[in-house]
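Novice: Task: produce atomic coordinates for the following.
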Amino acid sequence: MFSQYDQIIFHIDVNSAFLSWSAIRELKQGSDRDLRTIPSIVGGDIKTRHGVVLAKSIQAKKYGIKTGEPVMTALKKCPTLVSVPPDHHYYREMSRQLMEFLTGICPVIEQVSVDECYLDYTPIRTRYPSPEEAARIIREGVYKQFGYTVNVGISDRKVLAKMASDFEKPDKTHTLYQHEIQEKMWPLPVGELYMCGRSAAKKLNAMGIDTIGDLALADSTLIEAHLKKHGMLLQRYARGEDRSKVKPQRDRAKGIGHSTTLSSDVRNREEAYQVLKKLAGKVADRLKKQHFKAGNVCTEIKYASFQSVSHQCMLDSETASADRILQTAMKLFDELWSGEPVRLLGIRATRLIEDSQPTQMSFADYEQIMPEIRKTLEEKREREKQEKEEKEKREREKQEKEEKEKRERERQEKERKKPEREKQDKENRKKKLEAAMNSINSKYGDGAIRKGLSEKLS
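Specialist: Below is the predicted model of the structure:
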């Protein structure tokens, strides 16, 4: 079988992961009940979005309980329903253990969520007689090691492996090769196609497209006109067209991300942009704290139907800028969003490098830092201006002080010399008077002055 295809891909999915993992913990703690064998759900605080059914047992499903409905609604359907709160920290640890176990079987693992992953069968094909036998060994190994079950979907295409793992559950192996899609996948309702949510299914049904086969054979122009890029993606998947490879993620390549489950479904872009803005800020903060820059940004959407989709984009240069991450995330959201209500949004930054590593500055980076550069230059000019004014002021004050001191010295010197000047003036006046008297006496004879004074007085 393997020789017919370039690749064989497994999609491994934990059956009712949250419920199975919660049940395993209870049993290990000595509980006499197994949540998987009774009507039970994993749910939380009914006042928040964690108050919805996150996972349900097969017995709970018999009461019509659905994943995503409020816990209170589920309790009305089954008054004896057992509800346990979620423990996401514990679930992440269980996920880590599972991925570690699977990596021991095959190193080429691409984890896509807490409870599912793709596995490339190519490196291990010589170890097993067939892909189906390898899948059986994996399922039995997981159950023996951890005590819960998984489904394994097998195909030559990732999207078909994903579809196959969603066939009959639990603890099953299913194949869905390209040559099998007409028989196994095309008869299914179009709403069961991977990434086809309720809104898209409703639009397709209105166009007379009820099954996956109808979509595969429909006029592509018509599909694009009604569902845009998302419709074209769905049609490619309906035709089994998917050339993507399993991409193993190393520790550092996993990147840095943040996601949030919303308190109410987001139904328009503006609300989504506000959520993405907060997430981009958190991702940027963590990049900076850990001294990284990212070269790739991924936006994740989980719809109210619990269907998850994601889209990523490589940046023209690495960055840790919240603005650049946000702009890219919003662009990806616009390309990805089908118009359905959104339950969860996430942003992930990957292709990390050390922030000390030199990179070429992009135009976006340049545009972002220019305001800061201009601000810095303006502040520098303002400082220089103030320093110049202060210097000129100090020089003026110094000059005024020196002039004042000079005037004071001159005044003091003048005061000191005043008696001498007065004495000198007096002597000069006396000399002038004597000279005048001598001049008169020599002209009119001695005693002329006394004679003139006597005549005037008489």
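Novice: Please make it C-alpha for all contacts and neighbour counts, starting now.
Specialist: Noted.
Novice: L27 reaches L35, doesn't it?
Specialist: No: with contact defined as CA atoms under 8 Å, L27 and L35 do not form a contacting pair (9.1 Å).
Novice: Show me which of those two is the more surrounded one.
Specialist: Remark: of L27 and L35, L35 carries more neighbours, 26 against 14, as counted by other CA atoms under 10 Å.
Novice: Give me the spatial nearest neighbour of the more buried one, chain neighbours excluded.
Specialist: Excluding the flanking residues, the one nearest L35 by CA to CA, 6 or more residues apart in numbering is A23, at 5.2 Å.
Novice: who touches the one you found in this structure?
Specialist: 34-36 (CA atoms under 8 Å, 6 or more residues apart in numbering).
Novice: And for the closest residue in space to G197 that isn't next to it in sequence, the neighbour number?
Specialist: Leaving aside its chain neighbours, G197 sits nearest to G191 (6.3 Å; criterion: CA to CA, 6+ apart). Neighbourhood size, G191 [other CA under 10 Å]: 19.
Novice: gap between G191 and K245?
Specialist: Taking CA to CA, to the nearest Å as the measure, G191 falls 25 Å from K245.
Novice: how about stretch 78-95: buried residues?
Specialist: Within stretch 78-95, the residues that count as buried by 16 or more other CA atoms under 10 Å are 78, 81-83, 85-86, 91, 94-95.
Novice: for stretch 207-217, same thing?
Specialist: 209-216.
Novice: N151 in helix, strand or coil?
Specialist: Following DSSP: H, G, I helix; E, B strand; the rest coil, the label given to N151 is strand.
Novice: check contacts around the most centrally placed residue in the chain.
Specialist: Taking CA atoms, centre = their mean, the centroid of the chain lies closest to A280, which sits 2.7 Å from it. Contacts for A280 (CA under 8 Å, 6+ apart) come out as 322-323, 325-326, 329, 347.
Novice: Which helix or strand contains the residue lying closest to S199 once chain neighbours are set aside?
Specialist: Nearest non-adjacent residue to S199, counting by CA to CA, 6+ apart: E340, 5.6 Å away. Applying DSSP states H and E as the criterion places E340 outside every helix and strand.
Novice: Wait, E340 touches M195, no?
Specialist: No: assessed by CA under 8 Å, E340 is found out of contact with M195, at 11.3 Å.
Novice: can you map out the strands along the stretch 51-200 of the chain?
Specialist: With strands called from DSSP state E, counting those that start in this stretch, the stretch 51-200 of the chain shows them at 55-56, 82-84, 109-113, 116-120, 150-155, 173-175.
Novice: buried set for the third one?
Specialist: Along strand 109-113, these residues count as buried under the neighbour rule (16+ other CA under 10 Å): 109-111.
Novice: tilt between that strand and strand 116-120?
Specialist: 160 degrees (axes from the mean of the first three to the mean of the last three CA atoms, to 10 degrees).
Novice: partners of strand 109-113, with directions?
Specialist: strand 116-120 (antiparallel) (DSSP bridges).
Novice: and the angle for the partner strand with strand 150-155?
Specialist: 40 degrees.
Novice: What part of the chain, helix or strand, is modelled with the least confidence?
Specialist: Of the helices and strands making up the chain, the lowest-confidence element is helix 448-457, at a mean of 64, by mean pLDDT, DSSP states H and E.
Novice: re earlier: tell me the one among the buried residues of strand 109-113 nearest to I137.
Specialist: Using CA to CA, I109 is the member of the buried residues of strand 109-113 that sits closest to I137, with 16.6 Å.
Novice: mind listing what that closest one touches?
Specialist: So I109 contacts 99, 102-103, 117-120, 246-249 (CA under 8 Å, 6+ apart).
Novice: out of those residues, which is most surrounded?
Specialist: L119 (29 neighbours).
Novice: Quick one: closest of the strands of the stretch 51-200 of the chain to Y303.
Specialist: Closest approach to Y303 among those (CA to CA): strand 109-113, 14.6 Å.
Novice: what's the spacing between the closest one and its chain's center?
Specialist: Distance, stretch centre to chain centre, for strand 109-113: 20 Å (CA atoms, centre = their mean, to the nearest Å).
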